[in-house]
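# fold the following and give me the result.
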Amino acid sequence: MNWHLIRAFAERCNAFGIAVPEPIARGLHLVDVADAHAATPAGRVLDLTDDELRDRVTDISIRLHDRDGIGSNRGMAPGVRAVHEALRREVIRDTVPLLEAIIIELQPRFDEAIAPLVDAAQRFGISYDTTSDAVIDQDDGMIAAFRAAKKSWFAVQPIATFRILMSTAFGLEPTGGLSKDFSVLFAAGDNWGQGGKYYLEGKTQSHLDWFALVAGGLRLNGISDVHTKIQNRRARPIAPTVEPDAELIFPEDPFFGPLPSYPS
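Numbering: from 1, shown residues only. Predicted coordinates:
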């Protein structure tokens, strides 16, 4: 959760033609204002009035002041850093409630992008390991599906990357940052994992094996959807030790780590 990720999120919004949430737009503007304010004044000195010269001396002195010989404490740096952190917290808190609407807007695009791949997997059994040599002698329908699936794979990647960025930029990682497995963001059912089960060659981010996820269904999940899925999987009743009419006990399983923190 840093300004680099938040700025990247704003850029993704623009790329998808989605309005950048107002808290982010305002926050980025104020961060730039703070950074510019910390810059040492420059320009001709000879043309300054007496008062302007006094202000210039003060401004330069403040910005070049070195406290304790530590670069991070030099001049305006402590104040700018404090403002950055305060703004970051406020932007995250104000933006998270707006993310569901963005995900809903992206869902039809996701469904359209992934549809050819789903069709190829369900109708022809095409998987990530299927090669062109394996389909070259098949009927035209399977060949067309194989080609369409490849295009579909690349078409869905920008959407997947954007959805993952929503989690990482706003502190909503599926397992509280314990794992970099984001398959739960795209699973319609219980077809998701935490240890890279649905990833290729141990890669993370959007290098998911979409074909492997097809079996349980694909969906671009919202924040509440993901939260519910994680809670349901962690809530495991101790069935053998509970009477039929007794209240079930749902212990926390440390394997899954902490639930995501949702700013309120």
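# quick one: the helices in the stretch 151-264 of the chain?
Secondary structure of the stretch 151-264 of the chain (DSSP state H, counting those that start in this stretch): helices at 210-214, 223-234.
# to I24, which of the ones you listed lies closest?
helix 223-234 (16.1 Å; C-beta to C-beta). Any C-beta I mention is one placed from the backbone N, CA and C, and that applies to glycine too.
# from the contact counts, what lies against the closest one?
Contacts defined by 3 or more C-beta pairs under 8 Å, 6 or more residues apart in numbering; DSSP states H and E place helix 223-234 against helix 77-124.
# any idea of the mean pLDDT in the helix it packs on?
Taken as a whole, helix 77-124 has a mean pLDDT of 93.
# who touches the following helix or strand past it?
Using DSSP states H and E, the helix or strand that follows helix 77-124 in sequence is helix 132-135. Contact partners of helix 132-135, identified using C-beta atoms under 8 Å, 6 or more residues apart in numbering, comprise 126, 142-143, 146.
# using CSV, list the CA coordinates for helix 132-135.
Extracted in CSV, the C-alpha atoms of helix 132-135 (Å, rounded to 0.1, in the frame of the first residue of the first chain):
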residue,chain,number,x,y,z
SER,A,132,-0.8,-26.8,-31.9
ASP,A,133,0.5,-30.2,-32.9
ALA,A,134,-2.2,-31.8,-30.9
VAL,A,135,-5.0,-30.0,-32.6
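# related to what we said a few turns ago, which stretch in the helices of the stretch 151-264 of the chain is the model least sure about?
Of all those, mean pLDDT reaches its minimum on helix 223-234 (a mean of 88).
# and it, what's buried?
223, 225-227, 229-230, 234 (16 or more other C-beta atoms under 10 Å).
# which parts of stretch 174-186 are buried?
174-175, 177, 179-186.
# same thing with stretch 57-66?
For stretch 57-66, by 16+ other C-beta under 10 Å, it's 59, 63.
# ditto for stretch 114-124
Buried-residue list, stretch 114-124, by 16+ other C-beta under 10 Å: 114, 116-121, 124.
# which residues are in contact with the closest residue to A38 other than its chain neighbours?
Of all residues not flanking A38 in the chain, M76 sits nearest, at 3.9 Å (C-beta to C-beta, 6 or more residues apart in numbering). Each residue near M76 by C-beta under 8 Å, 6+ apart is listed here: 37-38, 62-63.
# just send the buried residues of helix 223-234 back as CSV, with distance to W192 too.
As requested, the buried residues of helix 223-234 are exported to CSV (distance: C-beta to C-beta, whole Å):
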residue, distance to W192
I223, 15
D225, 11
V226, 9
H227, 13
K229, 7
I230, 9
R234, 13
